[in-house]
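J.: Sequence and predicted structure, then a few things I'm wondering about:
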Amino acid sequence: MNIHEYQAKQLFEKFGVASPKGIVASTAAEAGAAAREIGQAGLVVKAQIHAGGRGKGTFKNGFKGGVHVINTPEEAEDIAGKMLGQTLVTHQTGPEGKLVSKVLIAKSVNIKKEYYFAILFDRVSSSHAIIASTEGGMNIEEVAEKTPEKITKEFINPAIGLQGYQCRKLAASLNLRGALMNQAVKLFTALWNLYLKSDCSLVEINPLSVTDDDQLVALDAKFNFDDNSLYRQKDVTAMRDTTEEDPREVAASEYGLNYIGLDGNIACLVNGAGLAMSTMDIIKFHGGEPANFLDVGGGATKEQVTAAFKIILGDPNVKGILVNIFGGIMDCNIIATGIIAAAQEVSLSIPLVVRLEGNNVEAGKATLASSGLKITSASDLTDAAQKIVAAVNG
Ligand code: ADP
Ligand code: MG
């Protein structure tokens with residue numbers, strides 16, 4: 001799960017991470033009022049979308065830049081008016097862009113130097129890692145490729161957490177000395193606490209900046225949260241903005257389904273992530289293109305299967321469906337009943353190939369056969385893939 005920058009600022013405040021004061025606004029008038037409340041010249045108006053690269057982005061109406069420095073409440077209103085309700089395209093949004101429905105009005109600072117700072121979960125070392133670089137405001141992947149010597153990486157032992165010496169080492173690698181090193185230690189520690197206590201999988205500050213009056217502040221924020229921890233992160237979950245997400249994935253998560261939309265035309269409904277991946281592979285192997293990854297899980301109910309079917313059929317690109325179930329924990333007859341209920345509810349008109357195997361498979365097959373629905377049954381994975389590809393492409 002991701003959140004907006006203005007929400008990240010609320011977490012900054014809670015955990016004591018230094019960052020310019022900001023107020024979110026949904027209308028131009030609110031933006032003006034926010035500017036008045038912050039009450040000084042030197043403000044920024046920042047479009048709130050779940051994507052970076054806003055500063056260099058362009059709105060579809062031609063207006064340039066999702067981050068603007070302004071000086072008066074009137075300007076705040078004017079700029080907010082040009083952003084709100086408009087679609088911002090950045091190198092991270094793809095050509096379709098993202099609709100801006102909120103802007104952040106924040107105090108602007110005079111930047112002396114920009115840095116990159118991130119805390120993330122590092123699977124290779126089974127620990128957390130901090131990545132810091134003197135090349136702030138830039139694309140970090142590019143820095144890693146062209147000038148890897150400008151990146152410092154520090155691993156954090158999960159058992160003992162971030163240590164003071166590590167903060168000082170990171171600060172020194174950024175040439176932050178004296179009072180600035182003290183600020184850095186404080187800020188890094190606060191960010192680490194935020195990252196750990198909020199179950200983040202990524203906290204990225206780009207840029208982390210030193211201002212002309214030698215204050216170290218976080219100017220941007222990108223947070224990712226571990227979805228598996230959301231049940232114990234009520235405050236974070238409340239920040240979820242489903243309008244930023246793929247509507248199919250939002251619907252799937254409501255039913256506890258693991259769904260990821262793809263570009264192909266053969267939908268798959270599978271139980272188990274490994275089987276789902278091999279199903280996608282074998283569809284491709286036989287010349288088809290999967291429309292999604294969908295794992296209904298080991299203990300799916302009839303309601304979940306019905307919901308899964310509806311999500312699949314809500315995708316206009318889908319021209320055929322392959323159901324591939326291995327009933328280990330799952331009862332094949334539950335899947336069969338779910339398929340029939342869903343097919344009847346949505347009056348299914350596209351080819352459906354079903355491969356059932358395992359627990360209670362005979363009952364499942366009998367249920368499908370007696371349903372009167374046009375279902376092609378398959379004997380194994382290869383047979384299933386060949387049949388659905390032939391039905392869709394043929
Ligand atoms: P994005 O990464 O989406 O482009 P940022 O928040 O990083 O958005 O903003 C882009 C640039 O705008 C930053 O690199 C920084 O130079 C400038 N900027 C952002 N916030 C402020 C601020 N509060 N004061 C001054 N400059 C800012
Ligand atoms: Mg940024």
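T.: Arrived safely. Ligands and ions are numbered 1, 2, ... in the order given.

J.: Please work out which residue of the stretch 101-250 of the chain is closest to ligand 1.
T.: Going by CB to the nearest ligand atom, ligand 1 is nearest to Asp220 of the stretch 101-250 of the chain, at 3.2 Å. (C-beta placed from N, C-alpha, C; glycine too.)

J.: now the helices for the chain?
T.: Assigned by DSSP state H, the chain shows helices spanning 5-15, 28-38, 73-83, 140-146, 164-173, 179-197, 234-237, 247-254, 273-285, 302-313, 332-345, 361-369, 381-393.

J.: for the fifth one, packing partners?
T.: On a contact count with 3 or more CB pairs under 8 Å, 6 or more residues apart in numbering; DSSP states H and E, helix 164-173 meets strand 127-133, strand 151-156, helix 179-197.

J.: Just name the most buried of those.
T.: Neighbour counts (mean count of other CB atoms under 10 Å) averaged over each of the helices and strands packed on helix 164-173 peak at strand 127-133, with a mean of 20.

J.: Check whether that strand comes near ligand 1.
T.: No: between strand 127-133 and ligand 1, judged by CB under 6 Å from any ligand atom, nothing touches; the nearest distance is 13.5 Å.

J.: Can you name the residue of the stretch 1-150 of the chain nearest to ligand 2?
T.: Nearest residue of the stretch 1-150 of the chain to ligand 2 (CB to the ion) works out as Gly52 at 5.2 Å.

J.: now that residue: how far from Thr90?
T.: 7 Å (CB to CB, to the nearest Å).

J.: repeat for Glu244
T.: 14 Å.

J.: Are there residues contacting both of the two? Which ones?
T.: Common neighbours of Glu244 and Thr90, counting by CB atoms under 8 Å, 6 or more residues apart in numbering, are Ile49.

J.: any idea how far the closest residue to Gln304 other than its chain neighbours is from Ala291?
T.: Spatial nearest neighbour of Gln304, chain neighbours left out: Tyr255 (5.2 Å); criterion: CB to CB, 6 or more residues apart in numbering. Remark: distance between Tyr255 and Ala291 (CB to CB) = 18 Å.

J.: since we're on Thr242, how many residues are nearby?
T.: By other CB atoms under 10 Å, the residues close to Thr242 number 13.

J.: Thought Glu249 was touching it, still the case?
T.: No: if you go by CB atoms under 8 Å, Thr242 and Glu249 don't touch, sitting 9.2 Å apart.

J.: just to revisit the earlier point, will you turn the helices of the chain into a markdown table that also has mean pLDDT?
T.: A markdown table is the format used below for the helices of the chain (pLDDT from 0 to 100):
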| stretch | mean pLDDT |
| --- | --- |
| helix 5-15 | 97 |
| helix 28-38 | 97 |
| helix 73-83 | 97 |
| helix 140-146 | 90 |
| helix 164-173 | 98 |
| helix 179-197 | 98 |
| helix 234-237 | 95 |
| helix 247-254 | 87 |
| helix 273-285 | 95 |
| helix 302-313 | 87 |
| helix 332-345 | 86 |
| helix 361-369 | 92 |
| helix 381-393 | 96 |
